[in-house]
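A.B. asks: Starting from these lines, generate the structure:
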Amino acid sequence: MLKQYLSIKEQYPDAILFYRMGDFYEMFFEDAQVASRILEITLTSRNKNDESPVPMCGFPHRAARGYIAKLISHGYKVAVCDQVEDPAKAKGLVKRDVVRVITPGMIIENELLDERANNYVLAVAYQDGFVGIAYLDISTGTFRAAESRDSAAVIEEIRRVAPSEALLAESSKNDPFFSPITRVLSEVSISYLDNKAFEHQRGYERLTAQFKTVTLEGFGCENMKAAVCAAGAVVFYVRETQKQRIEHLTRIETYWLDKYLLVDDQSRQNLELFKNIRTGTRKATLLGVIDRTATAMGARLLANWLRYPLVDPDSIRLRHDAVYEVKENIQIRRSIREKLKSVYDIERIGSKIVMRQANARDLVSLKRSLEMLPGMWSLLAELKTALFRPPENLDPLQGLAELI
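C.D. replies: Model (predicted):
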């Protein structure tokens, strides 16, 4: 059993290995010593009478989420190793394998996430004089990429994204060019990947396979080599850690850094847009004051709009027109808000379903949310501003709601 444990652990040296034994997850050796201290569980040992007893600790598998949350909050990764065959039918030792690696940027469980904020894993690549970044919130499927020759502008963008985990190539450890970038990421969990994960051709093929397209022209990044290198590394990392294809990752949004008003990190802090200077929380910040959203999805969208102020006059006027129209239509506004109170976090529920991590409560929440759509769309149809118009021929998914 320990030979099996060690052979699996060898593949995940930078993660705490949760090794399933019956109804418990067990940890051994150094993992046990680290986990027992952080999780405040009893450290015991296997083969106590040997000269070198094996340190071990464990807990019931049903309690895993709480313990995973605690380890992730301390910056650790967790490799979940389950029994992959029926113990009753096993001949000899039960086969086990890692079914998922949970890292600060690879979380989909609601209990481990801030519902009003995105949780990004971000990759940085350098190619042909350009610095490229790509970042993904696996819990919602939001995937964006950009690149620039101006490394200082990219560093400011990394600060603006505020990822919980970063991906860099192994070669960047000794590359002076990346020193300012790693300094910015000093408080973020950094995972160093094999240089091949950042190669352009491999990344391009990975992305087209993921999106089921022949080229990347439709996403605007066909000729953005640095951005494609970074995005390809993100997809590689997702597949390596989640052990499955991520079917809800169907597109990538490409953007240019000068498309939005740049508010540098120092200004964001001094203006207390997202965190107040005294306690670091959102209380008494601009976002905290104006956020009266009824759903978690709306809260994340509002935060994103505040993080990326528009500079295009037509787009700004469109938002102003929308605000004015619903301000004047009090009854429609109130009716929409009332329906939104029954809408759950469809983005994250959808991701959990695709990744086979959903439970009955998630499905019922999806059903109740879908039941609100026809009423909301009929109310939106009474408004004239283009921002409120739903796409034509959009399926209200009432058949799915009834099926659930």
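A.B. asks: contacts and neighbour counts: CA atoms only from here.
C.D. replies: OK.
A.B. asks: Partner strands of the helix or strand bottoming out on mean pLDDT in the chain and their direction?
C.D. replies: For the chain, counting by mean pLDDT, DSSP states H and E, strand 44-46 ranks last in confidence among helices and strands (a mean of 86). In its sheet, strand 44-46 lies beside strand 54-60 (antiparallel), with partners assigned from DSSP bridges.
A.B. asks: Can you name the helix or strand that Ala69 falls in?
C.D. replies: Secondary structure here is read from DSSP states H and E; on that basis Ala69 sits in helix 64-73.
A.B. asks: buried set for that helix?
C.D. replies: Judged by neighbour count using 16 or more other CA atoms under 10 Å, the buried positions of helix 64-73 are Tyr67, Ile68, Ala69, Leu71, Ile72.
A.B. asks: angle of it against strand 54-60?
C.D. replies: Our comparison of helix 64-73 with strand 54-60, counting by axes from the mean of the first three to the mean of the last three CA atoms, to 10 degrees, yields an angle of 120 degrees.
A.B. asks: Helix 64-73 packs against which elements?
C.D. replies: Contact analysis of helix 64-73 by 3 or more CA pairs under 8 Å, 6 or more residues apart in numbering; DSSP states H and E lists helix 29-39, strand 77-83 as its packing neighbours.
A.B. asks: out of these, deepest packed?
C.D. replies: Stretch with highest mean neighbour count among the helices and strands packed on helix 64-73: strand 77-83 (a mean of 21; mean count of other CA atoms under 10 Å).
A.B. asks: Which helix or strand lies directly C-terminal to that one?
C.D. replies: Using DSSP H and E, the helix or strand that directly follows strand 77-83 along the chain is strand 96-102.
A.B. asks: thinking again about what came up before, mind putting the buried residues of helix 64-73 in JSON lines, distance to Ala358 and pLDDT included?
C.D. replies: Output for the buried residues of helix 64-73, formatted as JSON lines (distance: CA to CA, whole Å; pLDDT from 0 to 100):
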{"residue": "Tyr67", "distance to Ala358": "19", "pLDDT": "94"}
{"residue": "Ile68", "distance to Ala358": "17", "pLDDT": "94"}
{"residue": "Ala69", "distance to Ala358": "18", "pLDDT": "92"}
{"residue": "Leu71", "distance to Ala358": "22", "pLDDT": "94"}
{"residue": "Ile72", "distance to Ala358": "20", "pLDDT": "93"}
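A.B. asks: thinking again about what came up before, nearest to Tyr19, of the helices and strands packed on helix 64-73?
C.D. replies: Judged by CA to CA, the one of the helices and strands packed on helix 64-73 that comes nearest to Tyr19 is strand 77-83, at 4.9 Å.
A.B. asks: send the alpha carbons of the longest helix along the chain over as PDB?
C.D. replies: As assigned by DSSP state H, the longest helix anywhere in the chain is helix 360-380. Extracted in PDB, the C-alpha atoms of helix 360-380 (Å, rounded to 0.1, in the frame of the first residue of the first chain):
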ATOM      1  CA  ALA A 360     -29.200  17.700  -6.400                       C
ATOM      2  CA  ARG A 361     -29.400  21.200  -4.800                       C
ATOM      3  CA  ASP A 362     -27.500  22.700  -7.800                       C
ATOM      4  CA  LEU A 363     -29.900  21.100 -10.300                       C
ATOM      5  CA  VAL A 364     -33.000  22.400  -8.400                       C
ATOM      6  CA  SER A 365     -31.300  25.900  -8.200                       C
ATOM      7  CA  LEU A 366     -30.800  25.700 -12.000                       C
ATOM      8  CA  LYS A 367     -34.500  24.800 -12.500                       C
ATOM      9  CA  ARG A 368     -35.800  27.600 -10.400                       C
ATOM     10  CA  SER A 369     -33.500  30.100 -12.200                       C
ATOM     11  CA  LEU A 370     -34.700  28.900 -15.600                       C
ATOM     12  CA  GLU A 371     -38.300  29.300 -14.600                       C
ATOM     13  CA  MET A 372     -37.700  33.000 -14.100                       C
ATOM     14  CA  LEU A 373     -36.400  33.600 -17.700                       C
ATOM     15  CA  PRO A 374     -39.600  33.900 -19.700                       C
ATOM     16  CA  GLY A 375     -41.000  36.500 -17.300                       C
ATOM     17  CA  MET A 376     -37.800  38.500 -17.300                       C
ATOM     18  CA  TRP A 377     -37.500  38.500 -21.100                       C
ATOM     19  CA  SER A 378     -41.100  39.700 -21.500                       C
ATOM     20  CA  LEU A 379     -40.300  42.600 -19.100                       C
ATOM     21  CA  LEU A 380     -37.000  43.400 -21.000                       C
END
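A.B. asks: So what touches it?
C.D. replies: In this structure, residues lying in contact with helix 360-380 by CA atoms under 8 Å, 6 or more residues apart in numbering are 332, 335-336, 339-340, 342-344, 346, 349, 388-390, 396-398, 400-402, 404.
A.B. asks: And stretch 306-324, by the same measure?
C.D. replies: Residues contacting stretch 306-324 (CA under 8 Å, 6+ apart): Arg160, Lys259, Tyr260, Leu261, Leu262, Leu287, Thr385, Ala386, Leu387, Phe388.
A.B. asks: Just the buried subset of those, please.
C.D. replies: The neighbour count (16+ other CA under 10 Å) marks Arg160, Leu262, Leu287, Thr385 as buried among these.
A.B. asks: which SS state does the third one fall under?
C.D. replies: When the structure is split into helix, strand and coil by DSSP: H, G, I helix; E, B strand; the rest coil, Leu287 lands in helix.
A.B. asks: what's near enough to touch it?
C.D. replies: Taking CA under 8 Å, 6+ apart as the test, what Leu287 contacts is Leu273, Phe274, Ala303, Leu306.
A.B. asks: ok so, going back, would you turn the buried residues of helix 64-73 into a markdown table with distance to Thr142?
C.D. replies: Output for these, formatted as a markdown table (distance: CA to CA, whole Å):
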| residue | distance to Thr142 |
| --- | --- |
| Tyr67 | 27 |
| Ile68 | 24 |
| Ala69 | 22 |
| Leu71 | 25 |
| Ile72 | 21 |
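A.B. asks: returning to what we had before: would you mind giving me the ChimeraX syntax to select the buried ones in the contacts of Leu287?
C.D. replies: Selection command for ChimeraX covering only the buried members of the contacts of Leu287, criterion 16+ other CA under 10 Å:
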select :273,274,303
